[in-house]
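> Okay, sequence plus prediction incoming.
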Amino acid sequence: MLKLSKKIEYGILAVQYMASKPDDLVRAKEISEKMNLSFDFLAKTLQTLNKNGLISSQQGVHGGYKLSKNVSDMTLTDVIMSLEEKTSIVDCMAPGETDCNRSEGCSLKHPIHLLQQKIDKLFDSITISELVNAQNKVNLELEYKKTN
């Protein structure tokens, strides 16, 4: 099963949280507490996102982080690529990977490559805006259930 790394998971959650507060500078501590994430690991993840230009930071008492791109233009691939190299469903599909002793006669290579292309296309097509809208819908449904 395809599994995203913890760094990518934290990155997506942090970006999604920042996208839900587009006019605010958001502190790492706030994201950590609201999303129930390890502060130290989140802080390192945010530093990487900042270094790679996906988010920007402002230092000082009233500092924090905010997104550098419009959420409608930012995709899951943008987050993934700013934190790690491309994800792959099997090791032999990882970027630069050539060390496979079954490469010549592998009956899975072509089907797995096709599957990888579809996953890549899906990640390229999902925007952060869509994630925020989906989360807002879930939040509204939960509120509705609480009041009824």
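Now that the structure is in, tell me what you want to look at.
> need the contact list for Lys69.
Shown in contact with Lys69 (C-beta atoms under 8 Å, 6 or more residues apart in numbering): Leu54, Asp78. Backbone N, C-alpha and C define where each C-beta goes, glycine included.
> which SS state does the most far-flung residue of the chain relative to its centre fall under?
Here the centre of the chain is the reference, and by C-alpha atoms, centre = their mean the most remote residue is Gly105, at 34.9 Å. Judged by DSSP: H, G, I helix; E, B strand; the rest coil, the three-state class of Gly105 is coil.
> when you give positions from now on, start the count at 55
I'll keep to 55 as the first residue from here, and by that count the last item is Gly159.
> Look up phi and psi at it.
For Gly159, the backbone dihedrals (degrees, to the nearest 10) come out as phi -110, psi 20.
> Give me the nearest residue to Ser59, chain neighbours excluded.
Take Ser59 and drop its neighbours on the chain: the residue closest to it by C-beta to C-beta, 6 or more residues apart in numbering is Glu138, 6.4 Å away.
> just how off-centre is the longest helix seen in the chain within its chain?
Longest helix in the chain by number of residues (criterion: DSSP state H): helix 182-201. Centroid separation between helix 182-201 and its chain, computed with C-alpha atoms, centre = their mean, to the nearest Å, is 19 Å.
> cool, and stretch 181-201?
Offset of stretch 181-201 from its chain centre (C-alpha atoms, centre = their mean): 18 Å.
> same deal with stretch 131-146?
Stretch 131-146 sits 10 Å away from the centroid of its parent chain (C-alpha atoms, centre = their mean).
> Show me what counts as buried in it.
Across stretch 131-146, burial judged by 16 or more other C-beta atoms under 10 Å covers Thr131, Asp132, Val133, Ile134, Met135, Ser136, Leu137, Thr141, Ser142, Cys146.
> So what touches stretch 183-202?
Stretch 183-202 is contacted by residues Ile66, Gln70, Ala73, Ser74, Val125, Ser126, Met128, Leu130 when judged by C-beta under 8 Å, 6+ apart.
> Could you rerun that using 10 Å?
66-67, 69-76, 124-130, 133, 180-181 (C-beta atoms under 10 Å, 6 or more residues apart in numbering).
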